[in-house]
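A.B. asks: sequence unknown, structure follows:
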C-alpha cells in the first residue's frame, strides 16, 4: 500500500493519497484546488488516479475534485446525502471501494455536516482491523468538528451535535484502539477549537485524551462542543456553496498579469481593492492609500477571506517574486478575481510615491500616555474570545477580527482609534481594513497585548 499525507500549514489542511502498489490504482481524499503535487507523485510512482473522495462539503477551502476529475477522468465520491451540480458517486455506509488488495470502506459520520463520511483504510481486503481511518472533520486530534457552521442554512447546531455524538461515540470510538486517525485539519483551523499540532493519532489515544471522546451523555456532549467556538471567517459560506457547484476550474494564469505603475493606477481607479501582502513593517513604512494589509507569511488565505469579499476585484502588491504564491493561496479559497500584481514592487512603489502614506503605529508606552490624556482613544481588541479571557486592557472594546467586517458600525467615531491583537499581525490587518472603509485616525499597537503586558508588568515590579 502507498499512503501519503499532504499537509498545508497555512490552512491547517490535510489531504491523502491511497494506492495499491500492485494495481497502481489510487484515490485522493480531500484534495486542495491546486492538484499538481498529487498528480506529480502519482506519475512518479506509476499510479492511476481512479477516484476522488471528499469527506464533506468543505467550507474553509475550495477542494480540487473538479480539477482532478478533469485531468484524470476519476469519479468524484461523497456521502449519500450529498447533492451537487456535477456528477458524483454516492458512497453509502459500509460500502467497500477496491483498489486491488487495498480496500477503502465508507463509514457515515454526520455531525459537522449532514453528508460527512469517514474512510476506513484496509491494507489488505481481509484485514479485520483497518490500517487507519480518515475522519474528515468528524474527529480531529484533540477535538471534534464544530456542528454550528450550517446555522445560516437552517440546520441547527443541536441537530448536528446529536448526529456528531453518535458518529464519534458510537461509531469512531467503537473502532479498535490501534487504528490510526488521520483528520482533515490540524491546529489553527476554524473548523474546531482545540485541535492538536499532531498530524495523526490513534483511536486509543483519542479515547484517553480527547475531551470530546470522554464518556458523557449526548446533552453534555452537544453543550461542550458548541461552547467557545470562534466566529468562522466570512468566506466559509461562499466556499461551502462553491464546493457543491460546477464552478470554473483553477486557471493558473488568472491574475498573473504584471502591472506597471500606470496600469496599477488604472485598475485601482476602476474599483480594484489593493491587497498588500508585504510584512506589517514594510506596509507601515509606506503603502498605497486605502490598501488592505494581509501579510503573506501567516494564515494569509484565511485572513484575506475574512477582510475581503469573494466578488472583489483584487490588485496585488506582493513581496518580490512571491506574486504566484499569493495568487495560488487566494485561489485555494475561491478568490479568482485578480486584476494583476504590481511588478517590481520596490521600484514601482517609488514611482507611486504621491499615493503612498505611512501607517500610524504606537508603542505600548505611547498608548499608555494617550490613554491618560484628555482625549483618550477608543481601544479595539481584535483577538479571539479565548485570548481575551486570559487578560485584556481595561476599557477596550472587543470585536474579533473574523467579526470585524460585519460590525464596523459598532465602533465609536468620535475619538481616535487604536487597534491591538496579541503581537501586531492581526491589528495591522484590522487597522488597514478600517482605513480602507473610511476611518481616518486609526493606529495599531506595536507588539500588541504582549507588549502592553510587558510594559505593565515592568511598571508593577519597578
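C.D. replies: All right, it came through fine. Since this is a predicted model, take the numbers as computed values, not measurements. Numbering: from 1, shown residues only.
A.B. asks: Break down the stretch 201-350 of the chain into its strands, ranges please.
C.D. replies: 201-202, 258-259, 273-276, 287-288, 292-293, 314-317, 338-342 (DSSP state E, counting those that start in this stretch).
A.B. asks: Could you identify which of those is most buried?
C.D. replies: strand 292-293 (a mean of 28; mean count of other Cβ atoms under 10 Å). In this view, the C-beta of every residue, glycine as well, is placed from N, C-alpha and C.
A.B. asks: how's the chain carved up into domains?
C.D. replies: For the chain, automatic domain parsing gives the domain ranges 2-242, 258-357, 360-461.
A.B. asks: for the record, mean pLDDT for the first one?
C.D. replies: Over the span of domain 2-242, the pLDDT mean works out to 93.
A.B. asks: hang on, the earlier thing: got the strands of the stretch 201-350 of the chain as TSV, with distance to residue 4 columns?
C.D. replies: Listed next are the strands of the stretch 201-350 of the chain as TSV, based on distance: least, Cβ to Cβ, whole Å:
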stretch	distance to residue 4
strand 201-202	18
strand 258-259	35
strand 273-276	33
strand 287-288	41
strand 292-293	36
strand 314-317	32
strand 338-342	31
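A.B. asks: hmm, back to that, I'd like the domains of the chain written out as CSV, with distance to residue 251 added.
C.D. replies: Output for the domains of the chain, formatted as CSV (distance: least, Cβ to Cβ, whole Å):
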stretch, distance to residue 251
domain 2-242, 10
domain 258-357, 7
domain 360-461, 27
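A.B. asks: before we move on, back to that, could you point out which of the strands of the stretch 201-350 of the chain sits nearest residue 385?
C.D. replies: strand 292-293 (23.8 Å; Cβ to Cβ).
A.B. asks: Please report the number of neighbouring residues for residue 253.
C.D. replies: Using other Cβ atoms under 10 Å, residue 253 has 7 other residues around it.
A.B. asks: quick one, what contacts residue 436?
C.D. replies: Counting by Cβ atoms under 8 Å, 6 or more residues apart in numbering, residue 436 touches 273, 290, 291, 292.
A.B. asks: Show the contacting residues for the first one.
C.D. replies: Residues touching residue 273, when contacts are defined by Cβ under 8 Å, 6+ apart, comprise 292, 308, 312, 313, 314, 315, 436.
A.B. asks: and the gap between the third one and residue 172?
C.D. replies: Here residue 312 is placed at a distance of 40 Å from residue 172 (Cβ to Cβ, to the nearest Å).
A.B. asks: What of the second one?
C.D. replies: Look at residue 308 and residue 172: by Cβ to Cβ, they are 37 Å apart.
A.B. asks: Tell me the one of the contacts of residue 273 nearest residue 165?
C.D. replies: Nearest to residue 165 among the contacts of residue 273, with distances taken as Cβ to Cβ, is residue 308, at 36.3 Å.
A.B. asks: ok, for that closest one, nearest residue in space, not its chain neighbours?
C.D. replies: Excluding its sequence neighbours, the residue lying closest to residue 308 (Cβ to Cβ, 6 or more residues apart in numbering) is residue 273, at 6.3 Å.
A.B. asks: what pairs with the one you found across the strands?
C.D. replies: Following DSSP bridges, residue 273 is listed with bridge partners residue 314.
A.B. asks: Start at 20, not 1
C.D. replies: Renumbered: residue one is now 20, and that last one reads residue 292.
A.B. asks: List the buried residues for the helix or strand hosting residue 385?
C.D. replies: According to DSSP states H and E, residue 385 maps onto helix 383-390. Within helix 383-390, the residues that count as buried by 16 or more other Cβ atoms under 10 Å are 383, 386, 387, 389.
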